[in-house]
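Novice: Here's a sequence, model it:
(one chain, ligands or ions: 1)
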Amino acid sequence: MSNCEKVQSPDYSKLDWKIRKLQRKLARSQKDSKKRNKTWVKIAKLHNQIADKRKDFLHKLSTKIISNNQVIVLEDLNVSEMVKNRKLSRVISLQGWREFRNLCEPKSEKFHRDFRIIDRWQPTSQICSCCGFRWGKIDLSVPSILFLNCGSEQDIDENASKNIEMVGMGHRHDLK
Ligand SMILES: [Zn+2]
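Specialist: Now for the predicted structure:
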């Protein structure tokens, strides 16, 4: 977030690992067998557990963010493009980013907050939020950038969220 706060999402990996294990079992099992049905029910239950855990987390987070802020700006990420990366896809899908947005919108309305979405074409990770210099595409696995142009050291997520806030509030850097 643009106030430098970070939020850790719940760890879904154990449940997800169990699902993947059972899915392999399901693929190997005989069709229309009792065993297969049992496995299928187990998988469905695990999916529900993940969904409940996620819903609880996103509910609390969205309520907290909306009660503490007058204006909320989110970036519309190109998730369908991001999930093409196989390593990222499972992790991203588990986060429920769309679900988070869908929770924030009605809550903002209820509490008379100003809720804004900025579009995915804003280069929020490509610009220094401090001086406005556009360094271009960077490897997003790099945690931070020491930028010699203005001497600022930027955590890349913090930097992007500051840019999201700026764009959302209608301020723009003069691109250099
Ligand atoms: Zn800078």
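Novice: And for the helix or strand bottoming out on mean pLDDT in the chain, what's in contact with it?
Specialist: Sorting the helices and strands of the chain by mean pLDDT, DSSP states H and E puts helix 79-82 at the bottom, at a mean of 72. For helix 79-82, the external contacting residues (C-beta atoms under 8 Å, 6 or more residues apart in numbering) are L88, S89, I92, W97, R98. (Glycine included, C-beta is placed from N, CA and C.)
Novice: Produce a PyMOL select command limited to the buried residues of those residues.
Specialist: Command for PyMOL, covering only those of the contacts of helix 79-82 found buried under the criterion 16 or more other C-beta atoms under 10 Å:
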select buried, resi 97
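Novice: Lowest pLDDT pick from the contacts of helix 79-82?
Specialist: Taking those together, the minimum pLDDT is found at L88 (76).
Novice: quick one: the residue lying closest to that residue once chain neighbours are set aside from A44, how far?
Specialist: Nearest in space to L88, with sequence neighbours left out and distances taken as C-beta to C-beta, 6 or more residues apart in numbering, is M82 at 6.0 Å. Going from M82 to A44 by C-beta to C-beta, to the nearest Å gives 27 Å.
Novice: Mind listing what's buried along the least confident helix or strand of the chain?
Specialist: V79.
Novice: just how off-centre is it within its chain?
Specialist: Taking the mean of its C-alpha atoms, helix 79-82 sits 11 Å from the chain's own mean (C-alpha atoms, centre = their mean, to the nearest Å).
Novice: State the three-state secondary structure for S2.
Specialist: coil (DSSP: H, G, I helix; E, B strand; the rest coil).
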